[in-house]
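# Quick one, fold the following:
(one chain, ligands or ions: 1)
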Amino acid sequence: MKSKSMKQEKTLSDTLANNTASYSGYSSCADDECFDDIHNSDLGVIASMSDAVYSILEGIGENPEREGLLKTPERVARAMRFLTKGYRQDAEEMLKKAVFSESYDEMVLVKDIELFSMCEHHMLPFFGKAHVAYIPDGKIVGISKLARVVEVYARRLQVQERLTQQIRDIIHDVLSPKGVGVVIEAKHMCMVMRGVEKQNSITTTSAMSGEFLSSQSTRSEFLRLINR
Ligand SMILES: [Zn+2]
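As a prediction, this is how the structure comes out:
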């Protein structure tokens, strides 16, 4: 156990000492720049996560010391940190910075926001599209921030239902709009990979507030616009 830990630390410091190392012969997904979002203060976490991945490799019957896997524990650790960086981001703070007073009071809709998340039950990806709409009540937010909010919550371990509600709730809380509508359509790898008959299943979730709940015509307009 101890030697394994030391080995990981050595791998990590080797990487730091030689950031430009190239690994000819590896497939392109072994590109260490793929998930490069790690601050120096995270290196202790990366080292202990790498130890855990090393154990997983042993557990599945692999030899973590063979050439192709030598750097895999650290790569996986870095990838996982990147894919869960939403834990270290504050959606409320991010939204509040981009709120403006404006009298526009029709529906604002951003559709087809690409979404990549991981289910909290299997830590396998689910991915698809989010459609986010709101009806302002004196305040609007920079449109790109609606996509950013999706990203902040998606880059965590999630269930699709909660992800949908968290996006609705933060927009509702920060903007106090007349209503919010969120629809997410996603494919879950934990279902898709289990059997042929589930390959094309798509899960749809929705969360609404205000006029999206109380007004049939508002809800219908929203659903019509996202299905077009
Ligand atoms: Zn799952």
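
# so what's the residue most central in space within the chain closest to, chain neighbours aside?
Residue closest to the mean C-alpha point of the chain, counted by C-alpha atoms, centre = their mean, is Arg155 at 2.4 Å. Spatially, and ignoring its direct neighbours in sequence, Arg155 is nearest to Gly86 (3.4 Å; C-beta to C-beta, 6 or more residues apart in numbering). For glycine as for every other residue, the C-beta is placed from the backbone atoms N, C-alpha and C.

# burial of that neighbour, as a residue count?
Neighbours of Gly86 under the rule other C-beta atoms under 10 Å: 18.

# how much space between Lys96 and Gly179?
Counting by C-beta to C-beta, to the nearest Å, the gap from Lys96 to Gly179 is 20 Å.

# neighbour-wise, which of those two wins?
Higher neighbour count among Lys96 and Gly179: Gly179, with 24 against 13, using other C-beta under 10 Å.

# what's the closest non-adjacent residue to that one?
Leaving aside its chain neighbours, Gly179 sits nearest to Gly210 (2.9 Å; criterion: C-beta to C-beta, 6+ apart).

# Contact partners for that neighbour?
Applying C-beta atoms under 8 Å, 6 or more residues apart in numbering, we find Gly210 in contact with 135, 172, 177-180.

# Repeat that for Met191.
Going by C-beta under 8 Å, 6+ apart, Met191 touches 198, 201.

# Surely it is in a strand?
No: under DSSP: H, G, I helix; E, B strand; the rest coil, Met191 sits outside any strand and is assigned helix.

# Please name every helix or strand in contact with the strand or helix carrying Phe126.
Following DSSP states H and E, one finds Phe126 within strand 125-135. Packing contacts for strand 125-135, counted by 3 or more C-beta pairs under 8 Å, 6 or more residues apart in numbering; DSSP states H and E, involve strand 108-119, helix 143-154, helix 160-175, strand 179-188, helix 189-192, helix 211-214, helix 216-227.
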